[in-house]
Every structure is written in C-alpha cells, then in structure tokens.
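**Q** no sequence for this one, just the structure:
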Ligand code: HEM
C-alpha cells in the first residue's frame with residue numbers, strides 16, 4: 001500500500017511524514033549542519049579549527065557553496081510539501097497570545113493547533129526567507145568577479161547580510177532542535193519512521209487529530 005500523510009496505521013498510530021518528506025528533511029538537516037560548521041569556521045579565526053576538522057580550509061571553501069545549493073533545493077521542496085499547511089490562521093494569532101500557557105505546558109489552555117502550531121509555522125517561514133537571503137547573497141560572494149564595479153554595493157550588502165541571515169538561522173535551528181527533539185516527546189520519531197501515536201496528535205495538534213478522525217469516519221464514496 002502506498003504511503004500518504006495522515007494515513008491511519010495499526011496500533012493507534014498515524015503517518016505524519018511520508019518517506020519523501022522525511023528524506024527531504026534530512027537532506028536539509030545534513031546540508032545545514034555542514035553549512036553551519038564550515039560557515040562558522042569562515043566567520044571567525046577563533047573557529048577556523050572547525051574547517052581543519054572538516055578536511056581543511058580549501059575543501060571547506062569549495063564545498064560550502066555547493067552544500068548551500070543542496071540546502072536551498074531541500075528548503076524549496078519543503079515549501080512545495082508544506083507551505084499550504086503553514087498559512088497563518090486566526091487560531092495562530094490566539095496561539096501567540098496564549099504563549100505563556102504553552103511554555104508552562106498548560107496544553108488544555110491553548111487554542112487547538114492543527115497539523116502545525118503557530119511556532120512551527122514561524123520557524124518554517126523564517127527558514128524559508130533566510131534561505132532565500134542566504135542563496136542570493138551567497139551567489140554574490142561565490143562569484144564576486146561577476147559583479148560590475150558600479151554595483152559593488154551588492155558585495156558590501158552581501159558580506160553583511162550573509163552572516164546576519166546565517167546567525168538568524170542558527171537561533172531558529174537551536175529552538176527547532178530543542179522543541180522538536182526534546183520538548184515534544186514522540187516528534188523525533190516522526191521524522192525517522194514517519195508515524196506518531198494518535199495520543200501525540202491529540203495532545204500537540206488537537207485540530208489535526210479531529211480532522212484525521214473525521215476523515216477516517218467519513219462514509220466512503
Ligand atoms: C539535526 C537537525 C534536525 C533535527 C533533529 C530536526 C528534527 C525535526 C523534527 C523532530 C521534526 C518533526 C516535528 C513535528 O512534526 O512535530 C521536524 C520538522 C521540521 N523540520 Fe527539522 N530537524 C533538524 C533540522 C532541520 C533544518 C536544518 C531545517 C531547515 C529547513 C528543518 C526544518 C523543519 C521544518 C520546517 C519542520 C516542520 C515544522 C516543524 O515541525 O517545526 N529541520 N524536524
């Protein structure tokens with residue numbers, strides 16, 4: 001049987017991420033980690049030892065932009081998979097207003113999140129727009145000789161914006177790792193084997209859970 005998102009599985013489980021979405025997520029994750037490590041090495045002489053560990057300065061400098069293209073490709077595919085589900089809704093505005101309950105784990109006082117809560121949506125869009133800035137400024141830094149002298153301000157802007165956008169993604173990344181791998185128990189497994197328990201869906205994404213149950217109980221046409 002072919003996999004599709006939201007498919008109900010035996011033993012009270014539901015498929016959250018089909019194989020293609022999982023694979024793409026890990027392409028984004030591994031390329032990002034490579035970019036993070038080599039990028040930090042170029043950013044500060046204090047961190048250059050990281051490039052030495054990654055095979056040397058020249059190899060890191062050669063591969064960094066290619067890894068950037070892979071990362072951007074994966075983020076663009078993520079956009080294809082998930083952007084429709086990441087649109088901000090009225091519930092998301094209420095979610096942000098109730099954030100104090102969220103941080104205290106008072107899930108029952110939160111407005112019902114759908115497949116993604118407002119925080120996950122913010123992370124998605126932050127990564128998406130930062131990836132566009134990183135790509136555009138990265139291309140300028142990759143081929144500076146292409147930039148005509150009268151447009152040299154593009155280089156200055158890129159030298160400034162590339163690390164700023166990268167630092168912004170690092171903040172996102174740290175929050176993402178904390179939230180997805182440690183705070184929401186069961187989430188990490190979803191990007192490994194794809195499924196979560198219905199209990200996880202009900203606890204963290206009640207509107208998504210209601211939708212799954214409604215669809216499962218709908219009469220077949
Ligand atoms: C080692 C690195 C990473 C780990 C351990 C990790 C872990 C996870 C987990 C567990 C989920 C599922 C969360 C859920 O559905 O409740 C997830 C989803 C997601 N990941 Fe990652 N991830 C990593 C790197 C990245 C990177 C670099 C990006 C940047 C594009 C990214 C973007 C996303 C997005 C947009 C989602 C869906 C929304 C969300 O759950 O926040 N991840 N990740």
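**A** On my side now, so go ahead. A quick note: this is a predicted structure, and the numbers were derived from the prediction, not measured. Residues are numbered from 1 along each chain as shown.
**Q** What does the closest residue to residue 111 other than its chain neighbours show for phi and psi?
**A** Spatial nearest neighbour of residue 111, excluding adjacent residues (Cβ to Cβ, 6 or more residues apart in numbering): residue 94 at 4.2 Å. C-beta here means a position set from N, CA and C on the backbone, and glycine is covered the same way. Backbone torsions of residue 94, given as degrees, to the nearest 10, read phi -60, psi -40.
**Q** residues near residue 155, how many?
**A** Neighbourhood size, residue 155 [other Cβ atoms under 10 Å]: 15.
**Q** Spell out which parts of this protein neighbour the ligand.
**A** Within the chain, the positions near the ligand by Cβ under 6 Å from any ligand atom are 16, 25, 28-29, 32, 75, 78, 116, 120, 123-124, 127, 173, 176-177, 180-181, 184, 187-188, 190-191.
**Q** which residues in this protein form helices?
**A** With helices called from DSSP state H, the chain shows them at 19-43, 49-53, 57-82, 90-97, 99-103, 118-142, 153-177, 187-190, 198-204, 206-217.
**Q** wait, which of those helices is closest to residue 111?
**A** Each of the helices of the chain has some distance to residue 111 by Cβ to Cβ; the shortest is helix 90-97, at 4.2 Å.
**Q** So for the closest one, what gets flagged as buried?
**A** Buried residues in helix 90-97, counting neighbours by 16 or more other Cβ atoms under 10 Å, are found at 92, 95.
**Q** what's around the nearest residue to residue 21 once chain neighbours are set aside, how many residues?
**A** Counting by Cβ to Cβ, 6+ apart, residue 81 is the residue found nearest to residue 21 once chain neighbours are left out, at 5.3 Å. Residue 81 has 16 neighbours, counted by other Cβ under 10 Å.
**Q** Residue 81 and residue 22 touch, don't they?
**A** No - the criterion here is Cβ atoms under 8 Å, and residue 81 misses it with residue 22 at 10.5 Å.
**Q** Lowest mean pLDDT among the helices and strands, pick that one out for the protein.
**A** For the chain, counting by mean pLDDT, DSSP states H and E, strand 8-9 ranks last in confidence among helices and strands (a mean of 87).
**Q** How far does it sit from its chain's centre?
**A** Here the centre of strand 8-9 is set off from its chain's centre by 25 Å, with Cα atoms, centre = their mean, to the nearest Å.
**Q** re the thing from before, what is in contact with residue 81 and residue 22 at once?
**A** The contact sets of residue 81 and residue 22 do not overlap (Cβ atoms under 8 Å, 6 or more residues apart in numbering).
**Q** And residue 135, how far from residue 57?
**A** According to Cβ to Cβ, to the nearest Å, residue 135 stands 23 Å off from residue 57.
**Q** neighbour-wise, which of these two wins?
**A** Comparing residue 135 with residue 57 by neighbour count (other Cβ under 10 Å), the higher total belongs to residue 135, at 19 against 14.
**Q** ok, that one - contacts?
**A** 68-69, 72.
**Q** Buried subset of these as a PyMOL selection?
**A** Buried members of these, defined by 16+ other Cβ under 10 Å, are picked up in PyMOL with:
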select buried, resi 68+72
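**Q** so what's the residue nearest the centre of the chain up against?
**A** Centroid-nearest residue in the chain: residue 124, 5.2 Å away (criterion: Cα atoms, centre = their mean). If you count contacts by Cβ under 8 Å, 6+ apart, residue 124 has them with 78, 82-83, 86, 116.
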